[in-house]
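A.B. asks: structural data only, the sequence is not supplied:
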């Protein structure tokens, strides 16, 4: 069985992704097979993982997924030498109400899989206090085991010595210490890191990060700290119904937010996926029986999408006879109009009456549980779907028939109900799993 390790931290922005990519690449360069995974609802990090390892990465989510589904996804690392699961936010950060198998916290995955946690600690502006933070994280939950820490952004040799001494006194192994090195920082965007396919230099950035980590982290000690998962119950699969037999999937820089496990589940159920590029002015395959527009960054390409007549005409023609569904950004493009951050209004497909605007940014973030009031591709009325919403647009109008009753993780009803008109449906949330 394959050993695993969780990369986590006290908070976001500490360097989890950079360390994960660097470790994965460093070990890959040594000839090891590394399987990366991502805890929580994140599209962007798994794409970076794939670049670093040469292997597809998937998301594990304890709020939305059953434990057997998580075990099934994690088993893709069975032929690897090591599984690296990158956490999200802080180690114990999740929602207040438990979901299917947990709160969505990284700690849930560590406990469920029996993998120890390698903490990334940024001791900027402190010294011995960093050890107190690490010790508190170590002792907070009995079923989560700490492998050790890697210090990031250490100011000086003296600073490192102070922190190391305090960690030793607390009984916490320091497996590496990274001095400040801004050159390996990865660029940001409002939804997180810029997508891997948008960075021509991503390989060189990861290689530089790997060289940097090799100099300052004891790779052999980190590898020894990994642990094999305890035996898991027989996986029952993901239980995800494909939206059709032949799926026309929008796929380019404007429509790139598709969870890898969703596509894999569709294919495993026998569906064919045919991609097309709205940015290249392509319409959906007329031979498909459903069209799916995922989320992404349509607001960055709104003018181009509005001008791509073949795409819009093809989409409208498809929707006359067959179902079309949009998630978040895809939902916005199915709508009447999208106003960009500069306040310019762009007409969209008009298959739904939704109007959205980025001129006045408003964050919509969180898990969503939807009970369908009307059918959408792959699911009938009454189906309960778990997903995640994350966007900065403001709803100007959402006049069509609501698609679902949508609640947040606390059970409170939210206004982003999704819409249905004719053969077109859309949701602001991204589907992660069917509720069971």
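C.D. replies: Cool, the structure landed. Please read all numbers here as calculations on a predicted model, not as lab measurements. Residues are numbered from 1 along each chain as shown.

A.B. asks: pretty sure residue 390 belongs to a helix, no?
C.D. replies: No. Residue 390: not assigned to a helix; according to DSSP: H, G, I helix; E, B strand; the rest coil it is strand.

A.B. asks: so it makes contact with residue 365?
C.D. replies: Yes. Counting by CB atoms under 8 Å, residue 390 touches residue 365, with 5.2 Å between them. In this view, the C-beta of every residue, glycine as well, is placed from N, C-alpha and C.

A.B. asks: which of these two has more residues huddled nearby?
C.D. replies: Between residue 390 and residue 365, residue 390 has the larger neighbour count (other CB atoms under 10 Å), namely 20 against 10.

A.B. asks: how near is the more buried one to residue 377?
C.D. replies: Relative to residue 377, residue 390 is positioned 22 Å away (CB to CB, to the nearest Å).

A.B. asks: low pLDDT regions in the stretch 51-200 of the chain?
C.D. replies: Residue ranges of the stretch 51-200 of the chain with pLDDT under 70: 181-200.

A.B. asks: quick one, strands of it?
C.D. replies: Per DSSP state E, counting those that start in this stretch, the stretch 51-200 of the chain carries strands over the ranges 58-60, 82-86, 117-121, 146-154, 174-179, 188-189, 192-193.

A.B. asks: list the helices and strands the fifth one packs on?
C.D. replies: Looking back up the chat, that one is strand 174-179. Strand 174-179 makes packing contacts with strand 146-154, helix 157-169, helix 202-216, helix 219-225 when contacts are defined by 3 or more CB pairs under 8 Å, 6 or more residues apart in numbering; DSSP states H and E.

A.B. asks: what of the first one?
C.D. replies: Using 3+ CB pairs under 8 Å, 6+ apart as the contact criterion, the elements in contact with strand 58-60 are strand 34-39, helix 67-74, helix 260-268.

A.B. asks: could those go into a markdown table alongside mean neighbour count and distance to residue 320?
C.D. replies: Listed next are those as a markdown table, based on neighbours: other CB atoms under 10 Å; distance: least, CB to CB, whole Å:
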| stretch | mean neighbour count | distance to residue 320 |
| --- | --- | --- |
| strand 34-39 | 26 | 39 |
| helix 67-74 | 22 | 36 |
| helix 260-268 | 19 | 24 |
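
A.B. asks: need those in TSV with distance to residue 13, can you?
C.D. replies: Output for those, formatted as TSV (distance: least, CB to CB, whole Å):
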stretch	distance to residue 13
strand 34-39	16
helix 67-74	26
helix 260-268	24
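
A.B. asks: wait, which of these is closest to residue 52?
C.D. replies: Residue 52 lies closest to strand 34-39 among the helices and strands packed on strand 58-60, at 7.0 Å (CB to CB).

A.B. asks: distance to residue 136 and mean neighbour count for the strands of the stretch 51-200 of the chain - can I get that in TSV?
C.D. replies: Output for the strands of the stretch 51-200 of the chain, formatted as TSV (distance: least, CB to CB, whole Å; neighbours: other CB atoms under 10 Å):
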stretch	distance to residue 136	mean neighbour count
strand 58-60	25	23
strand 82-86	21	25
strand 117-121	11	26
strand 146-154	11	23
strand 174-179	16	21
strand 188-189	28	11
strand 192-193	27	17
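
A.B. asks: for residue 434, which of these is the nearest?
C.D. replies: Checking the strands of the stretch 51-200 of the chain against residue 434 by CB to CB gives strand 58-60 as the closest, at 15.3 Å.

A.B. asks: give me the residues contacting the closest one.
C.D. replies: By CB atoms under 8 Å, 6 or more residues apart in numbering, the surrounding residues in contact with strand 58-60 are 37-42, 46, 70, 73-74, 76, 85, 109, 259-261, 264, 432.

A.B. asks: sheet partners, orientation included, of that strand?
C.D. replies: Its sheet considered, strand 58-60 pairs with strand 34-39 (parallel) by DSSP bridges.

A.B. asks: okay, angle between the partner strand and strand 82-86 too, please.
C.D. replies: Relative orientation of strand 34-39 versus strand 82-86 (axes from the mean of the first three to the mean of the last three CA atoms, to 10 degrees): 30 degrees.

A.B. asks: the residue nearest to residue 151 when sequence neighbours are not counted: what's it in contact with?
C.D. replies: Once flanking residues are discounted, residue 151 sits nearest to residue 177: 4.2 Å by CB to CB, 6 or more residues apart in numbering. Taking CB under 8 Å, 6+ apart, we find residue 177 in contact with 150, 151, 154, 160, 163, 164, 216.

A.B. asks: ok, residue 102 - contacts?
C.D. replies: Neighbour list for residue 102: 62, 63, 94, 108, 109, 112 [criterion: CB under 8 Å, 6+ apart].

A.B. asks: so how many other residues sit close to the last one?
C.D. replies: What that stands for is residue 112. Residue 112 has 20 neighbouring residues, counting by other CB under 10 Å.

A.B. asks: you'd agree it is up against residue 70?
C.D. replies: Yes. With contact defined as CB under 8 Å, residue 112 counts as touching residue 70 (6.3 Å).

A.B. asks: spell out which residues are contacts of both of the two.
C.D. replies: The contact sets of residue 112 and residue 70 overlap at 62, 101 (CB under 8 Å, 6+ apart).

A.B. asks: can you pull the pLDDT of the residue nearest to residue 266 when sequence neighbours are not counted?
C.D. replies: Nearest in space to residue 266, with sequence neighbours left out and distances taken as CB to CB, 6+ apart, is residue 242 at 3.9 Å. Residue 242 is assigned 96 on the pLDDT scale.
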